[in-house]
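Student: Next input, structure requested:
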Amino acid sequence: MGTSKELEQLCASWRDQLAEATRTGQTKYARRFLALLGWTKPPLLNPDEDPVSGPPAFRLEAGGRSVAAYFVPPGLLDPPAAVFEKGLDFCAATRAFVDGAYCHNVHYVFITDMFRFYLYDMRTEELLLSANAPDEFQRELGPALNHADAAQGSLDELRRQPRSYLARQLREWSQRWAKTLADATNQSAETTTLLVDRMVVLRFLLDRGVIKRGGRRLRERLGQLCQRALTKNEDGCGKGLASLCHDIYFDWKAEIFAPAPDVDQCLERNDLAAGLLAEFSLLSRGKFIQPVILESFNFGPADEKARVRTIPEDDEDRRRMLQKTTADNVDALRIEVDLMDEGYRSVGHWFDAVVAVYEEIERDFDAQAAEKSPDDLFAWSEIDAQRPKALQDRFRYAAETGLVVYYATARQYRTARLMMYLHLIERYDRNRALFKRFPRLEASLTPRPKNYERNRNHPSEHDAGFG
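Tutor: I've put the predicted structure just below:
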């Protein structure tokens, strides 16, 4: 690895002479920089591209890992410190380069203007290391990007931020925007937090392949809105975002996107909508996973923190009831979850337990039907007409009928609703199940009865034939 003085002199020379340098000259500077890190004659990232357009970019290979290294003109990158201050993971330029690197199938992306430096993990889009100046680069990034160390696995050994750190960043970003919207529009906190929750569900949904028909077009529409916001083309951003939310409700019946005039009024100001969209696009994919989003609610009163952290306990009475469930009574199966006592993780836990029962009964039902009518299509049709409703769309039926979730406060309702949407999307995506529409989650979210005490053998369970 070259000396600190050599690297700093090279960076200073790049900034002084780049304005007059040709693409060939820029490439020579970039190669000299990489040579100081031990990378000799690295190939161009895309050798077929126009040699006089775009910044120099190289593919670095070592230790079974690949890095896309971009060298951009001075002034294009925001200081990493400014990015951190807002709780973001990208500036507009680094977002564009990371998005462009996906087609190159690399593990990491390094972006620099030889004054500011960014290193991303492509698997999560996490910003692993950054530096605001060349001397800081020598301390923070230089050892990890040195060829000899990279060949020994230094990149994979870099410390990843804990889930609590990502959750805190997401929470602070969400709270900042909820307050910004409330202060600017005089709308209630309930209205502005609903808008922020919509953004979380929107990102979570479109990052996954749940929506087959029209999903790609929805992602393109969101991407176009974010791009307009990033390029300061604010006109129509608010209307476009409101229209996107409306279409997801109209086409997919997601109640969290149901018409809400107060939310739409927040989006009437294009400067607010554009600011929200721009920063929204500068958050990493790693922040939009269930554990991080749930952990972002780990704040405030001690009892609410406990509901976020509580690990679901098994319940012998519920398990016994599930074991007694058959095709004859499966449609009446209902599990009651009390958020006050059981916490938020219990919702997904018992949802999965109910779905597992549906799946087991469906296997038995299909096996018995095949035995009774192996070749008789008419007989099969008659048997199939007796198929329980719970087996026709397992996830929807479990959410609407198989589960009742009791909440006691507006915060419990908000948190549970958000996590139910995320869990449903995750299950549809993981199982590659046919997605027709969102369940009516309002059917399961129910105000907690006064003086409610969870009875593990609720009378309705006996009435339905489970006693």
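
Student: okay, CA-based contacts and neighbour counts for the rest of this
Tutor: Will do.

Student: and the strand or helix carrying A353, what does it pack onto?
Tutor: A353 belongs to helix 345-372 when elements are defined using DSSP states H and E. Judged by 3 or more CA pairs under 8 Å, 6 or more residues apart in numbering; DSSP states H and E, the packing partners of helix 345-372 are helix 302-309, helix 316-323, strand 335-338, helix 377-384, helix 394-397, strand 403-407, helix 410-431.

Student: Next, the angle from the second one to helix 345-372.
Tutor: Helix 316-323 and helix 345-372 meet at an angle of 30 degrees, taking axes from the mean of the first three to the mean of the last three CA atoms, to 10 degrees as the criterion.

Student: List the residues that contact P43.
Tutor: Taking CA atoms under 8 Å, 6 or more residues apart in numbering, we find P43 in contact with 58-60.

Student: isn't Q187 right up against D262?
Tutor: Yes: in this structure, Q187 is within contact of D262 by CA atoms under 8 Å, at 7.0 Å.

Student: The contacts of P43 into a markdown table, with extra columns for neighbour count, secondary structure and distance to Y397?
Tutor: Listed next are the contacts of P43 as a markdown table, based on neighbours: other CA atoms under 10 Å; DSSP: H, G, I helix; E, B strand; the rest coil; distance: CA to CA, whole Å:
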| residue | neighbour count | secondary structure | distance to Y397 |
| --- | --- | --- | --- |
| F58 | 23 | strand | 51 |
| R59 | 17 | strand | 49 |
| L60 | 25 | strand | 50 |
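
Student: Return the set of buried residues in stretch 128-142.
Tutor: Of the residues in stretch 128-142, 128-134, 137-138, 141-142 count as buried by neighbour count, 16 or more other CA atoms under 10 Å.

Student: cool, stretch 175-191 as well?
Tutor: Using 16+ other CA under 10 Å as the test for burial, stretch 175-191 gives 175, 177-179, 181-182, 185, 187, 191.

Student: which two from those residues end up farthest apart in space?
Tutor: Q175 and T185 (15.4 Å; CA to CA).

Student: Now do the helix holding A353 against strand 403-407: the angle between them, please.
Tutor: 170 degrees.

Student: Helix 345-372: which residues count as buried?
Tutor: 345-348, 350-355, 357-358, 361-362, 365, 369.

Student: what do you get for stretch 250-268?
Tutor: Within stretch 250-268, the residues that count as buried by 16+ other CA under 10 Å are 252-257, 263-264, 266-268.

Student: what do you get for stretch 290-298?
Tutor: By 16+ other CA under 10 Å, the buried positions in stretch 290-298 come out as 290, 292-298.

Student: Out of those, which comes closest to E400?
Tutor: Distances from E400 to these, taken by CA to CA, are shortest for Q290, at 20.9 Å.

Student: From E126, how far off is R159?
Tutor: Using CA to CA, to the nearest Å, one gets 11 Å for the distance from R159 to E126.

Student: what about the helices in the stretch 1-150 of the chain?
Tutor: 4-17, 23-36, 80-85, 92-101, 134-140, 142-145, 147-151 (DSSP state H, counting those that start in this stretch).

Student: any idea of the mean pLDDT in the fourth one?
Tutor: Which is helix 92-101. The average pLDDT for helix 92-101 rounds to 96.

Student: by contact count, what packs against that helix?
Tutor: Packing partners of helix 92-101 (3+ CA pairs under 8 Å, 6+ apart): strand 108-112.

Student: Let's see that with 10 Å instead.
Tutor: strand 65-71, strand 108-112, strand 117-121, helix 215-230, helix 270-281 (3 or more CA pairs under 10 Å, 6 or more residues apart in numbering; DSSP states H and E).

Student: can you pull the buried residues of it?
Tutor: In helix 92-101, counting by 16+ other CA under 10 Å, buried: 92, 94-95, 97-98, 101.

Student: Output the below-cut-off pLDDT ranges for this structure.
Tutor: For the chain, the stretches flagged by pLDDT under 70 are 1-3, 18-21, 48-53, 372-381, 454-467.

Student: care to break it down by domain?
Tutor: For the chain, the structural domains run 4-151, 163-287, 297-463, going by automatic domain parsing.
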